[in-house]
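Student: compute the structure for the input listed below.
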Amino acid sequence: MLLVVTYSSAARTGLRNLCRRHEGAVARRFGRAALLDGTVYAAFLALRLRESHGGDVQIERTEPFNEFVALDEPVREAARAYANRDAKSTPYAAFAAGTDHPDPDSMRGDDL
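Tutor: The predicted model follows:
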């Protein structure tokens, strides 16, 4: 997939028009950004937009996030447990203290 991000009003207008005219190539719209499908035609549309607006358009190639490949089970379990905690105001560091859940500082230092 391609992530297209715009940084000017004119580029946003161009992206909005692109999304309206080529709905089949658009996976998702986010206002000033859009995800386009991973086809050569979608890349052509994104490049055409960048040619029109220069540095006001950024294009990044993305890949879907597969949590089962990218993360170990303890991290997934910690996210599940934290989302279902009793006291919603408890910060994660306090929630994880004294448990087997990963420490937030150690997670910050680990790349995916």
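
Student: residues contacting the nearest residue to C19 once chain neighbours are set aside?
Tutor: Once flanking residues are discounted, C19 sits nearest to V26: 4.9 Å by CB to CB, 6 or more residues apart in numbering. (C-beta placed from N, C-alpha, C; glycine too.) Counting by CB atoms under 8 Å, 6 or more residues apart in numbering, V26 makes contact with 18-19, 34-37.

Student: now do 7 Å
Tutor: V26 sits next to 19, 34, 36 when contact means CB atoms under 7 Å, 6 or more residues apart in numbering.

Student: in the helix or strand the first one falls within, what counts as buried?
Tutor: Taking DSSP states H and E as the criterion, C19 maps to helix 9-21. Buried residues in helix 9-21, counting neighbours by 16 or more other CB atoms under 10 Å, are found at 11-12, 14-15, 18-19.

Student: buried sites along stretch 100-112?
Tutor: For stretch 100-112, the neighbour count (16+ other CB under 10 Å) marks 101-102 as buried.
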